[in-house]
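**Student:** Predicted model and sequence follow; I will ask about them next.
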Amino acid sequence: MEYVYAALLLHRAGKEVSEENVKKVLSAAGINPDEARVKALVAALSEVDIDEVLKSATAMPVAAPAAAPAAAPQPAEEEKKPEAKEEKKKEEEKKEEEALAGLSALFG
């Protein structure tokens, strides 16, 4: 992943995404670059218009992730509420049973 980040950083800075530049960025970040991975990345990106990919990538996820997290917490909260109510009912029933047991001891 750091190789892709290095390429994106170079692109953002307006620098050429070349093997030498990618190695420099990775080395500056404290990563020992793998020659084969750098060559594969540069070769793969040579035929790609990075600006177009970024535009299409940012257009799709904006709507999808925003809706997913908002919907996810609601069912979890709804599930917790009935459990809490059931626990309260059980505690109340237990208290009532204890009270009735104490009363029955009085009347034998």
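**Tutor:** Alright, I've got the coordinates.

**Student:** what about the residue lying closest to I31 once chain neighbours are set aside, how many neighbours?
**Tutor:** Spatial nearest neighbour of I31, chain neighbours left out: E2 (5.6 Å); criterion: C-beta to C-beta, 6 or more residues apart in numbering. The way it works is simple: take the backbone N, C-alpha and C, and place the C-beta from them, glycine included. By other C-beta atoms under 10 Å, 14 other residues sit near E2.

**Student:** Give me the distance between E2 and T58.
**Tutor:** 21 Å (C-beta to C-beta, to the nearest Å).

**Student:** cool, and K94?
**Tutor:** K94 is 56 Å from T58, by C-beta to C-beta.

**Student:** again, but for V25
**Tutor:** Taking C-beta to C-beta, one finds V25 at 22 Å from T58.

**Student:** which of these two has more neighbours?
**Tutor:** V25 (22 against 9).

**Student:** Contacts only, for the more buried one.
**Tutor:** By C-beta atoms under 8 Å, 6 or more residues apart in numbering, the contact set of V25 is 6, 9-10.

**Student:** secondary structure element for it?
**Tutor:** Using DSSP states H and E, V25 sits within helix 19-28.
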